[in-house]
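>>> Build me a model:
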Amino acid sequence: MGLKLEYIEGQTPLDEDEKDGLLIKTISVRGELDEFEQINIQQAIEWTIKNKFTEDQILKEEFILLVHKKMFGEVWKWAGTKRKSNKNIGVDKYQISIEIKSLLNDCKYWIENKTFKPDEIAIRFSHCLVKIHVFPNGNGRHSRLIADIMISTLFNNPIFTWGKSDLSIKGEVRKKYLEAIYEADKGHLQPLIDFART
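Numbering: from 1, shown residues only. Take a look at the predicted model:
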């Protein structure tokens, strides 16, 4: 019978691949990593509040990369850089820039032609960004902040509430969020829009 180790939530050790890109070498367990990431994300949110961005700034690949760098740049060496390997989700690594450009062009068209309501434009953009899976990690959190920037800056609407919960914690709210994501993957975006406003 093999040795089974059970860790208290947050105490799971980081594997060597995870440690490799860390800028803070004292981090050794998942809980510490989550804490440092959350501090960095909060700083990024404050940065977005202090700055007023234009549509031209937001709808550029450089901005998408910059927001990720602001969110994770004090924790990860690779923050703000596109992934260099393929994952079990997302487009091929060589297609990332092409897919981002296509999404940005689509979004410009949606805005100019009022193809969808503002909430749907922001959530549709966010969901497509996650499907591209631009970064090695942090794609969901990044895409939600991008949606918040878009809805507040481009449409002058309140930011999304995202279930009023920490979506990284297992539980009923995260379950509903994932169910809404799976529905969006099938082309039914309304549950995700509804969730973002709960």
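
>>> center of the protein, which residue is that?
residue 142 (2.5 Å; Cα atoms, centre = their mean).

>>> Contact partners for that residue?
Residue 142 makes contact with 67-68, 71, 129, 134-135 under the criterion Cβ atoms under 8 Å, 6 or more residues apart in numbering. Using the backbone N, CA and C atoms, a C-beta is placed for each residue, glycine as well.

>>> switch the cut-off to 7 Å
Taking Cβ atoms under 7 Å, 6 or more residues apart in numbering as the criterion, residue 142 is in contact with 67-68, 71, 135.

>>> Please convert those residues to CSV, extending it with secondary structure, neighbour count and pLDDT.
Listed next are those as CSV, based on DSSP: H, G, I helix; E, B strand; the rest coil; neighbours: other Cβ atoms under 10 Å; pLDDT from 0 to 100:
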residue, secondary structure, neighbour count, pLDDT
67, helix, 21, 98
68, helix, 27, 98
71, helix, 26, 98
135, coil, 26, 95
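
>>> Make sure residue 89 is indeed in a helix.
No - counting by DSSP: H, G, I helix; E, B strand; the rest coil, one finds residue 89 to be coil, located in no helix.

>>> how far away is it from residue 131?
To residue 131, residue 89 is 8 Å away according to Cβ to Cβ, to the nearest Å.

>>> what do you get for residue 36?
For residue 36, the distance to residue 131 - Cβ to Cβ - is 27 Å.

>>> What of residue 154?
For residue 154, the distance to residue 131 (Cβ to Cβ) stands at 21 Å.

>>> any idea which helix is longest in the chain?
Of all the elements of type helix in the chain, the one with the most residues (DSSP state H) is helix 30-50.

>>> Break down the protein into its helices, ranges please.
Using DSSP H, the helices of the chain run over residues 16-20, 30-50, 55-58, 61-72, 96-113, 118-132, 139-149, 172-185, 190-196.

>>> do you know which of those helices lies nearest residue 85?
Closest approach to residue 85 among these is made by helix 16-20 (10.4 Å; Cβ to Cβ).

>>> JSON lines please, covering the helices of the chain and showing distance to residue 80.
Listed next are the helices of the chain as JSON lines, based on distance: least, Cβ to Cβ, whole Å:
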{"stretch": "helix 16-20", "distance to residue 80": "17"}
{"stretch": "helix 30-50", "distance to residue 80": "11"}
{"stretch": "helix 55-58", "distance to residue 80": "16"}
{"stretch": "helix 61-72", "distance to residue 80": "3"}
{"stretch": "helix 96-113", "distance to residue 80": "13"}
{"stretch": "helix 118-132", "distance to residue 80": "14"}
{"stretch": "helix 139-149", "distance to residue 80": "10"}
{"stretch": "helix 172-185", "distance to residue 80": "24"}
{"stretch": "helix 190-196", "distance to residue 80": "24"}
